[in-house]
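> Have a look at this prediction, sequence included:
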Amino acid sequence: MSIGPMLDTNCPRCGGGFECGVQAGHCACFGIRLTERLRVELAEQYSGCLCLPCLRELIEADLRRQPVMGSAKASG
């Protein structure tokens with residue numbers, strides 16, 4: 001398997017620049033866990049990698065949308 005360089009890129013959500021390490025085999029986003037729902041939404045909405053600050057914001061927003069077990073929201 002060939003390992004490539006870090007890529008200088010821009011986040012399609014915020015426009016900020018960051019280094020993506022996916023081709024280098026050690027990107028910071030490898031430690032990020034996304035729900036399947038969020039993964040699908042991001043793939044539909046954005047082309048390319050998002051920066052860590054944007055990913056963290058989107059994960060936090062996604063967590064707020066999830067129903068909490070035992071709450072009135074969870075039971076409908």
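Now that the structure is in, tell me what you want to look at.
> isn't there a helix covering Ala43?
Yes: counting by DSSP: H, G, I helix; E, B strand; the rest coil, Ala43 is found in a helix.
> Could you find the closest non-adjacent residue to the most centrally placed residue in the chain?
The centre of the chain sits closest to Leu55, judged by Cα atoms, centre = their mean, with a distance of 3.8 Å. In space, and not counting its chain neighbours, Leu55 is closest to Ile32: 5.4 Å by Cβ to Cβ, 6 or more residues apart in numbering. Using the backbone N, CA and C atoms, a C-beta is placed for each residue, glycine as well.
> burial count for that neighbour?
13 (other Cβ atoms under 10 Å).
> check contacts around it.
Ile32 makes contact with 52, 55-56, 59 under the criterion Cβ atoms under 8 Å, 6 or more residues apart in numbering.
> which of those count as buried?
If you count burial by 16 or more other Cβ atoms under 10 Å, the buried members of the contacts of Ile32 come out as Leu55.
> which one of the contacts of Ile32 is nearest Glu36?
Ile59 (13.0 Å; Cβ to Cβ).
> Settle this for me: Gln5 is touching Ala24, isn't it.
Check again: residue 5 is Pro, not Gln. Yes: Pro5 is within contact range of Ala24, at 6.1 Å (criterion: Cβ atoms under 8 Å).
> Of those two, which one has the most company?
It is Ala24, of Pro5 and Ala24, that has more neighbours when counted by other Cβ under 10 Å, with 13 against 9.
> Is it correct that Gln23 falls within a helix?
No: assigned with three-state DSSP, Gln23 falls outside any helix and is coil.
> Could you export the longest helix along the chain as CSV, keeping only the C-alpha atoms?
Scanning the chain for the helix with the most residues, using DSSP state H, yields helix 52-65. Extracted in CSV, the C-alpha atoms of helix 52-65 (Å, rounded to 0.1, in the frame of the first residue of the first chain):
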residue,chain,number,x,y,z
LEU,A,52,-12.1,18.9,12.6
PRO,A,53,-13.8,22.0,14.1
CYS,A,54,-16.7,21.6,11.6
LEU,A,55,-16.9,17.9,12.2
ARG,A,56,-17.1,18.5,16.0
GLU,A,57,-19.8,21.1,15.6
LEU,A,58,-21.9,18.8,13.4
ILE,A,59,-21.4,15.8,15.8
GLU,A,60,-22.6,18.0,18.7
ALA,A,61,-25.6,19.1,16.7
ASP,A,62,-26.4,15.5,15.7
LEU,A,63,-26.2,14.4,19.4
ARG,A,64,-28.7,17.1,20.3
ARG,A,65,-31.1,15.8,17.7
